[in-house]
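Asker: My questions concern the predicted model and sequence given below.
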Amino acid sequence: DEGIDTGDIIIQKEVFIDENKETLKSSYNILHREILELFEENWGEIKSDNLIPKKQKGRGSIHFKRDYSQFEPFIKEKGWDTTIKYLKKECSKHRFIK
């Protein structure tokens with residue numbers, strides 16, 4: 001539809017990220033690989049319009065570039081090599097995430 005990430009969902013997949021070992025970089029790479037595979041596996045159904053769209057549940061979330069500043073201190077040293085576990089721990093201390 002005309003909104004950003006507001007239209008119906010045509011296909012989705014749950015992906016497990018091991019927060020104890022994955023980093024921002026490795027989790028991005030995992031998700032990138034999974035979305036490409038999901039698209040390739042379902043291209044025939046997408047192209048022929050054989051999928052039944054599902055309405056999105058909930059309101060979703062919105063993120064702005066300015067939000068990065070609150071996380072920057074926790075990823076400044078290691079950048080994309082920051083572990084998910086460390087980032088979640090530090091952000092929860094500062095009540096940025098649950």
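Answerer: It's in. Since the structure is predicted, the reported quantities are computational estimates derived from the model, not experimental observations. Residues are numbered from 1 along each chain as shown.
Asker: So the nearest residue in space to residue 60 that is not next to it in sequence, which state does it fall into?
Answerer: Sequence neighbours aside, residue 5 is the residue nearest to residue 60 in space, at 6.4 Å (criterion: C-beta to C-beta, 6 or more residues apart in numbering). No exception for glycine: its C-beta is placed from N, CA and C like everyone else's. Of the three states, residue 5 takes coil according to DSSP: H, G, I helix; E, B strand; the rest coil.
Asker: Show me what the helix or strand residue 38 falls within is packed against.
Answerer: Taking DSSP states H and E as the definition, residue 38 sits inside helix 24-47. Applying 3 or more C-beta pairs under 8 Å, 6 or more residues apart in numbering; DSSP states H and E, one finds that helix 24-47 contacts helix 84-93.
Asker: Quick check: which ranges of this structure have low pLDDT?
Answerer: Low-confidence segments of the chain, defined by pLDDT under 70: 1, 95-98.
Asker: Report the central residue of it.
Answerer: Per C-alpha atoms, centre = their mean, the C-alpha nearest to the average position across the chain is that of residue 31, at 7.2 Å.
Asker: Now do the contacts for that residue.
Answerer: Residue 31 is in contact with 15, 17, counting by C-beta atoms under 8 Å, 6 or more residues apart in numbering.
Asker: Most distant residue from the centre of the chain?
Answerer: Distance to the chain centre peaks in the chain at residue 48, reaching 27.1 Å (criterion: C-alpha atoms, centre = their mean).
Asker: I'd like to know how far that one sits from residue 10.
Answerer: From residue 48 over to residue 10 the distance is 12 Å, taken as C-beta to C-beta, to the nearest Å.
Asker: likewise residue 4?
Answerer: 16 Å.
Asker: between these two, who's got more neighbours?
Answerer: Ranked by neighbour count (other C-beta atoms under 10 Å), residue 4 and residue 10 place residue 10 first, with 13 against 8.
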